[in-house]
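Student: I'll drop the sequence and a predicted model, then ask my questions.
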Amino acid sequence: MRRAAETIGIIQVVGHGVPPEVIAEFNDGFGRILDLPREQKEQLTSPTGHPFRGWRQWPDDFGRLELERFSIAQYDDTEAALAAGLSPEHATLYEHANVWPPQEPGVRAAARRYHDAFLDVARRVVGLYARVLDVPAQTVPLGDDAYTTLIVNNYPTWPHGADSADTSDEEKLLLLEHADSSVVTVLHQEGDYAGLQGQRPDGTWIPVPIRPGALQIFTGTLLANWTDGRLRPGRHRVVAGGAVTRRSSGLFAHPSLDTVVEPLAAFADPDGSDFEPVSVWESANGHVEEYLRVFGRPEQVAAWRENRPFVAEVTA
């Protein structure tokens, strides 16, 4: 486990204790939502144009569907955040409310059970990482007041078959390579091909097999910071290739919003560090603007500025 964490930053976990019915209830409910006709899904976008609430789709440079995503915030709205004990400032993150599909009245409770179970896995894995680095399990402080987000991804089928010899993986990218800005991300994946890939230290890619019941844990950039680079952020990407829709769901676990992440004393180099302090609150508060600055298209940015829904146009 230590070798995997120090070289690739992705592990696959079985025997994690999450009841199969918790995963199935969540995935089946959102599977039915994402299988709805597009005109019904368009009604599940954020009414204020928030890119991380409800359903959205985005096309590639040719207008073809690249990915659908349903995003769920930790708290439904500002009132719920305040009731959970967040400060008035931090509760402003939830001014844009969650969107819950009326077609699936039970999915909200299913999402809460799924969230809580995956967050428990995140805490246990972080404690285990500390132990394999020869420090007490509680050294890495992913506490009871963790800040989280939850997403479901739907990737389209690849029309040319999974084994198209004339098309490279780079030409079939559905999700570009990146490392998550979390402490850890807990992912469940299902489909008929290993489209998720992790990057080796030499820059090459290795498929993450679809293993029934397994969860994938990605080391995020905050855990790399906390350990002063001892643990490598799990760089990953998704390529097309299946005959059926590929689906994944992930919980992104961060420390509390008032945390400033920097190398912990157990790992800090007395000669200094290459890692700068990271304010979880500043990162979360600026997430939408940073996303739109880097990836937003003019029509999406306009919808956000005008506080109205946005649905990207796709040709297929």
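Tutor: Ah, there it is.

Student: mind listing the helices for the protein?
Tutor: 2-7, 20-34, 38-41, 78-83, 88-91, 107-132, 221-226, 280-285, 287-295, 298-305 (DSSP state H).

Student: Any chance of JSON lines for the ones you listed, columns mean neighbour count and distance to Thr48?
Tutor: (Each C-beta comes from the backbone N, C-alpha and C, glycine too.) Output for the helices of the chain, formatted as JSON lines (neighbours: other Cβ atoms under 10 Å; distance: least, Cβ to Cβ, whole Å):
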{"stretch": "helix 2-7", "mean neighbour count": "16", "distance to Thr48": "39"}
{"stretch": "helix 20-34", "mean neighbour count": "17", "distance to Thr48": "20"}
{"stretch": "helix 38-41", "mean neighbour count": "14", "distance to Thr48": "17"}
{"stretch": "helix 78-83", "mean neighbour count": "16", "distance to Thr48": "13"}
{"stretch": "helix 88-91", "mean neighbour count": "15", "distance to Thr48": "16"}
{"stretch": "helix 107-132", "mean neighbour count": "19", "distance to Thr48": "19"}
{"stretch": "helix 221-226", "mean neighbour count": "25", "distance to Thr48": "28"}
{"stretch": "helix 280-285", "mean neighbour count": "16", "distance to Thr48": "16"}
{"stretch": "helix 287-295", "mean neighbour count": "13", "distance to Thr48": "11"}
{"stretch": "helix 298-305", "mean neighbour count": "15", "distance to Thr48": "8"}
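
Student: Out of those helices, flag the one nearest Ser249.
Tutor: helix 20-34 (6.6 Å; Cβ to Cβ).

Student: mind saving the C-alpha coords of that closest one as PDB?
Tutor: Listed in PDB are the C-alpha atoms of helix 20-34, where the atom choice follows Å, rounded to 0.1, in the frame of the first residue of the first chain:
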ATOM      1  CA  PRO A  20     -23.700  -3.400  -1.300                       C
ATOM      2  CA  GLU A  21     -27.300  -2.300  -1.000                       C
ATOM      3  CA  VAL A  22     -26.200   1.300  -0.100                       C
ATOM      4  CA  ILE A  23     -24.100   1.400  -3.300                       C
ATOM      5  CA  ALA A  24     -26.800  -0.200  -5.400                       C
ATOM      6  CA  GLU A  25     -29.600   2.000  -4.100                       C
ATOM      7  CA  PHE A  26     -27.600   5.200  -4.900                       C
ATOM      8  CA  ASN A  27     -26.300   4.000  -8.300                       C
ATOM      9  CA  ASP A  28     -29.600   2.500  -9.400                       C
ATOM     10  CA  GLY A  29     -31.500   5.700  -8.500                       C
ATOM     11  CA  PHE A  30     -29.100   8.000 -10.300                       C
ATOM     12  CA  GLY A  31     -28.800   5.500 -13.200                       C
ATOM     13  CA  ARG A  32     -32.500   6.000 -13.800                       C
ATOM     14  CA  ILE A  33     -32.100   9.700 -13.600                       C
ATOM     15  CA  LEU A  34     -29.300   9.800 -16.100                       C
END
